[in-house]
Structures are given as C-alpha cells and as structure tokens.
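S.K.: sequence first, predicted coordinates after that:
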Amino acid sequence: MTSNDLARRGLVLLGCGKMGSAMLQGWLSDGLPATSVHVIDPAPSDWLQATGVSLNAELPASPAIVLIAVKPQMMGDALPAIQSMASGETLFLSVAAGVTLARFEAVLGTESPIIRAMPNTPAAVGRGITALIGNARVSEEHMALAESLLQAVGQTVRLEDEGQMDAVTGVSGSGPAYVFHLIETLAAAGEAQGLPAGLAMQLARATVGGAGVLAETAEDSPAQLRRNVTSPNGTTQAALEVLMDAETGFGPLLNRAVRAATERSKELSNG
C-alpha cells in the first residue's frame, strides 16, 4: 500500500480531538490532499471545519486506512460505524489507550489487519513518540504506512509483543504528566527559596525543556550529561545526593509511579 493508494482510496479518521487534530494537521502539512480525508466527529472544531476534509458525510466503502482516535469509553458506539469496512482490504489503526487487538478483532474480524498504537501528547507540537504493534494480518507494508502517518507527529517504535504496551503506557504514554509535575514542583521549590512565582516557573519550564532537547540530541548518555554538570562537592552534587538516595530518592519513587501506571493499564485492558 503506497501513499498514492492512500490518496486514491482515502483515509477515514474516526474522532478528531486533540490527538486526531494533531495528526491531521501533520498529514495535511505533508501533502495529503484534504479531499482524501473523511472525518467523523460529533463536535467538530472551527479549525477542522476549515480544513476542507469531508466531514460527517458518507464514507468510502473500502478506504486504505481507518484511524480510530475516539476515547476508549466511546468505542462501543464508534466501532459499528466502520464494521462494514472490515473486508480485509482496509487497515485499521487505533490510538485508543487500553483497547486490545483482541477486542478490535471481536468486532472487525481476525482477517482485518489491525494496528494498535500508543502516542503521547507532545504529538501536538510534532515531538511525540508512538509505539506500534500489529495483529497477525499486518504486513510490513501495513506497518510502514502506519509509521509514515504517525511520524507526522514525532518518532515511532515497534514493539515485539502486545504485552509491552502496558509498560509503554507507563513510560511514554503517561510520562509527559510526570514531566509537567516535575516543572510544577521545581518551580514551587524555587518559590520556597525566595524566588517570585513567575520567575520560578519561567526558570523551571526553560530548564526542563532545554534539558530534554539536550538529552535527545546529544551524543552523550543522560548519565554522562548528568556527570558533566556535577562538580565535585558543588551545588548539583548536594542536590543529587537527595534525589539519588537509594530509598527515598527520585529513582525508587519513579519506579513505583511507572509500576502503578503499568498495572492500571493492565486492569483497563482486561476490562
């Protein structure tokens, strides 16, 4: 399946909230014709209505791909709208958290190629990362198409088995919230040491954002970057002795947090 097939047969986007809008904006920017995109959304934004896509209209009988971007609790109402497309010729790509491949196969059939994906919210600024896993009907061509679509909003990685998706949820799916909380608490700590609230927040945002870019782009590992900024007996070392405490530090705390998110993901996936 090629990009020409996508433009010719069309793409159906089921749900166009924040994640769906971010992906659609990336596709249109990359040159996908708006006339090839069919969106079903009960409350379309002003931006969506101005894109020129086919909105809440008749859908193609056999589109190249159906991207399912509704909330998991809306899945029961949404899936019947696309069940007729499950002929084996259409690729289904879901970005709904906690909805397993088996659950989709129960509605769309085991002959349908289905890919489950877990993106994260930095997709809204083109800096997301998405993990993918497909069922037995998914070919390399299908995976390449899904990756090309999802790379419009960031990086992609392939999983070895679906069981890894819960840990992905705990690390990258929920991970942005951990970083946002780090910014909150770092700013609050600055305030506690006498900084004005606005200045403390500006420093915290820029520090975390800049460190993230450096960690992603530098050749050095995060561990080496940490060592680079830590002078013996200096201020950073004093702080790290607290953060790296084997029992009360950041490491064991984050390990418990990711484990809690992973376990909750398993619970949600099992219904």
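M.R.: Perfect, thanks for sending it.
S.K.: what comes into contact with stretch 76-93?
M.R.: By C-beta atoms under 8 Å, 6 or more residues apart in numbering, the residues outside stretch 76-93 that reach it are 1, 12, 14-15, 40, 59, 61-68, 70, 104, 107-109, 111-115, 117, 137-138, 142, 145-146, 149. C-beta coordinates here come from the backbone N, C-alpha and C atoms, glycine included.
S.K.: again, only using 7 Å
M.R.: The contact list for stretch 76-93, computed with C-beta atoms under 7 Å, 6 or more residues apart in numbering, reads 12, 14, 40, 62-68, 70, 104, 107-109, 111-115, 117, 142, 145-146.
S.K.: for stretch 19-36, same thing?
M.R.: Contacts made with stretch 19-36 from outside it, assessed by C-beta under 7 Å, 6+ apart, are listed as 6-7, 10-11, 13, 16, 37, 45, 47-48, 51-53, 69, 95, 119, 123-124, 126, 149, 152-153.
S.K.: any regions of the chain where pLDDT drops low?
M.R.: 1-4, 271 (pLDDT under 70).
S.K.: which stretches of it form helices?
M.R.: Counting by DSSP state H, the chain forms helices over residues 3-9, 18-29, 46-49, 75-78, 101-108, 140-150, 165-168, 175-192, 197-217, 222-228, 235-243, 250-269, given from the N-terminal end onward.
S.K.: now do the contacts for residue 107.
M.R.: The neighbours of residue 107, taking C-beta under 7 Å, 6+ apart as the test, are 79, 83.
S.K.: do you know how far it is from residue 149?
M.R.: Separation of residue 107 from residue 149 (C-beta to C-beta, to the nearest Å) stands at 22 Å.
S.K.: which parts of stretch 62-78 are buried?
M.R.: Within stretch 62-78, the residues that qualify as buried are 63-70, 75, 78, counting by 16 or more other C-beta atoms under 10 Å.
S.K.: still on that earlier bit, which of the contacts of stretch 19-36 are buried?
M.R.: Members of these that pass the buried threshold by neighbour count (16+ other C-beta under 10 Å) are listed as 6-7, 10-11, 13, 16, 37, 48, 51, 53, 69, 95, 119, 123-124, 149, 152-153.
S.K.: who does the longest strand along the chain touch, helix- and strand-wise?
M.R.: For the chain, the strand that runs over the most residues, judged by DSSP state E, is strand 128-134. Using 3 or more C-beta pairs under 7 Å, 6 or more residues apart in numbering; DSSP states H and E, the elements in contact with strand 128-134 are strand 114-118, helix 140-150, strand 154-158, helix 165-168.
S.K.: what pairs with that strand, parallel or antiparallel?
M.R.: Strand pairing for strand 128-134, determined by DSSP bridges: strand 114-118 (antiparallel), strand 154-158 (parallel).
S.K.: closest to residue 248 out of those?
M.R.: Between residue 248 and the strands paired with strand 128-134, the shortest separation by C-beta to C-beta is 30.9 Å, and it involves strand 114-118.
S.K.: so residue 104 sits right up against residue 114, yeah?
M.R.: Yes. Here residue 104 reaches residue 114: they are 4.9 Å apart, a contact under C-beta atoms under 7 Å.
S.K.: so between those two, which is more surrounded?
M.R.: For residue 104 versus residue 114, neighbours defined as other C-beta atoms under 10 Å are more numerous around residue 114 (29 against 23).
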